[in-house]
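> Return a 3D structure for these sequence lines:
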Amino acid sequence: MWDYSVGFYGVWVAHIGRRVGLLQYIAHSPTSAATLAAKLDLDAEAVEAWCSAAVALGLVDERKGRLHVRARMKEILLDAKSPNYLGGQFSYLAMRSLEYRGLEDLFRSGKTLDMSSTFDAIEQATDWDHHAFLSAIKKGKNRRLHAMLTRGCRLLDVGCGTGTLIEKLWDLYPRSAFVGVEPSEVAVHRAMEMAAGKPVEILRLQGEAMTFDGQFDIIYLGESLYAASDKQIVVSNCYRALKKGGAIAIVEGLLPKTASKEGRLILGMQLDFALQGYSFMTKEEIGTLLRNAGFSKVAFSDFGGSLFLVSAWKG
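Sure, this is the predicted structure:
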C-alpha cells in the first residue's frame, strides 16, 4: 500500500517534469538543479524540490552534481513512438486527477462530469495510441491499411478530438484525404486550426448522426466508441459510410475477463470512466457490435495494457 502513495507522487513528478521541460532539458544536456532553473527561467526552489524528488523516485540520476536521464527512462517518459512509452499516460492521470474531486458527488448522487475541460489530458493519453496504431498498420495482418493509405484513400476519423491523429496521418500519407467528425465545439475549433491549408475536412457531428454513404475506405475510432450514447448506431453508421472492401479500425481499452497485473491499470481506470458517465467494453461486446452491423473478419491486435486495435471489413 505504501507503494501506491509513492506512485501517486511519481505520476506528478513525471508529469510536471515533462510539462515545464525539465526532463527534456536534462535529457539533452545533463546539468545541475540551479542551472536548470536558470536556463528554463523557473523558480529555483521549486526546481530543487523537483530534482530531489525525481532522483529519489528513480526518474533521473545525479552524478557529480549533474542530473542525467538514463536511456531507458528517456524512452519511457519522452519517446512517444516507443512501445514502452508511459509519459503521456502519466500526464493524463495527473491532469484528470484534478477532476477527481467530483467522485464523491458521483457516489452520493450519480452526478458525472464531462471531459471538455481536459482535452489536454486526452491528447497526452492518446498520443501513444496513435503511434502504436501507425506502427501496427505497417506489419502483420494490418499491412493492408498501410497500403491503402500509401496509395491514396479517404479516411474518416470518428471522434477526432483536436485532430492530432489526422495531422500525423497527413504527414505520413500525403496522397490520402481525411475527414474528422467530433461533437465538441472546443475540440472542433482546435481541429479546424490544424486542418487549415490541408486536404482535411472537420465537421461538428456526433457519430450517431452521421449519414455518409459509401464514401470512405477506412474509418478510425480512437478511444471514442466507449463515449457513444448508442454504440450500435455508431458502428452501423460506420458500416454504411464505408465503400465495399473498406475497413474499420477501432482503438479501445477493453476490459479483461479476469484481474491480472496486465489489466490492473484499465480496471483501476473504471472509476475515471464512471465519473465521465462511461464504461469500458469487453472483446465480446465490441465483436458483437461489429458483426451485428454487418462487418466480417473481426480481428484483435493487443497493444499491451489492455489496449487493442480492433479491425473488421465490409464485404
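
> and this protein, what are its domains?
2-78, 126-313 (automatic domain parsing).

> could I get these as a markdown table with mean pLDDT, distance to Tyr85 and mean neighbour count?
The C-beta positions use only the backbone N, C-alpha and C, and glycine is treated the same way. Below are the domains of the chain laid out as a markdown table (pLDDT from 0 to 100; distance: least, C-beta to C-beta, whole Å; neighbours: other C-beta atoms under 10 Å):
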| stretch | mean pLDDT | distance to Tyr85 | mean neighbour count |
| --- | --- | --- | --- |
| domain 2-78 | 96 | 6 | 16 |
| domain 126-313 | 94 | 5 | 18 |
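
> Next, format those domains as TSV and append distance to Gly87.
Formatted as TSV, the domains of the chain follow (distance: least, C-beta to C-beta, whole Å):
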stretch	distance to Gly87
domain 2-78	4
domain 126-313	8
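
> Shouldn't Ser229 be within a strand?
No: per DSSP: H, G, I helix; E, B strand; the rest coil, Ser229 lies outside any strand segment and is coil.

> OK, contacts around the nearest residue to Phe273 once chain neighbours are set aside?
What sits nearest to Phe273 in space, not counting adjacent residues and going by C-beta to C-beta, 6 or more residues apart in numbering, is Ser279, at 5.7 Å. With contact set as C-beta atoms under 8 Å, 6 or more residues apart in numbering, Ser279 has these partners: 226, 270, 273.

> Just say helix, strand or coil for the first one.
Using three-state DSSP, the secondary structure recorded for Tyr226 is helix.

> wait, isn't it in contact with Phe273?
Yes: Tyr226 is in contact with Phe273 according to C-beta atoms under 8 Å; the separation is 7.1 Å.

> Return the residues in contact with Gln206.
Shown in contact with Gln206 (C-beta under 8 Å, 6+ apart): 181, 183, 228.

> Could you check how far the residue lying farthest from the centre of the chain is from Pro30?
When each C-alpha in the chain is compared with the mean C-alpha position (C-alpha atoms, centre = their mean), Lys64 comes out farthest, at 38.1 Å. To Pro30, Lys64 is 10 Å away according to C-beta to C-beta, to the nearest Å.

> Helix, strand or coil: sort out the residue nearest to Phe273 for me.
Under three-state DSSP, Ser279 comes out as coil.

> ditto for the one 5 residues further on
In three-state terms, and counting by three-state DSSP, Glu284 is helix.

> Same check on Ala80?
Applying three-state DSSP to Ala80 yields a three-state assignment of coil.

> Which element, helix or strand, includes the spatially closest residue to it that is not a sequence neighbour?
Leaving aside its chain neighbours, Ala80 sits nearest to Asp127 (5.0 Å; criterion: C-beta to C-beta, 6+ apart). Element membership for Asp127 (DSSP states H and E) is helix 119-136.

> helices or strands up against that helix?
In terms of contact count using 3 or more C-beta pairs under 8 Å, 6 or more residues apart in numbering; DSSP states H and E, helix 119-136 is assigned the packing partners helix 87-97, helix 164-172, helix 185-195, strand 216-222, strand 242-253, strand 296-304, strand 307-313.

> Please identify every residue contacting each of Tyr226 and Phe273.
Residues touching both Tyr226 and Phe273 by C-beta under 8 Å, 6+ apart: 279-280.

> Restricting to C-alpha, output the helix holding Asp127 in CSV.
C-alpha atoms of helix 119-136 as CSV (Å, rounded to 0.1, in the frame of the first residue of the first chain):
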residue,chain,number,x,y,z
PHE,A,119,-8.7,17.8,-23.8
ASP,A,120,-5.0,18.3,-23.0
ALA,A,121,-5.2,15.2,-20.8
ILE,A,122,-6.8,13.2,-23.7
GLU,A,123,-4.2,14.4,-26.1
GLN,A,124,-1.4,13.2,-23.8
ALA,A,125,-3.0,9.8,-23.3
THR,A,126,-3.8,9.1,-27.0
ASP,A,127,-0.5,10.3,-28.4
TRP,A,128,1.0,6.8,-27.7
ASP,A,129,-2.2,5.2,-29.1
HIS,A,130,-1.6,7.0,-32.4
HIS,A,131,2.0,5.9,-32.7
ALA,A,132,1.0,2.3,-31.7
PHE,A,133,-1.7,2.3,-34.4
LEU,A,134,0.6,3.7,-37.1
SER,A,135,3.3,1.1,-36.2
ALA,A,136,0.7,-1.7,-36.2
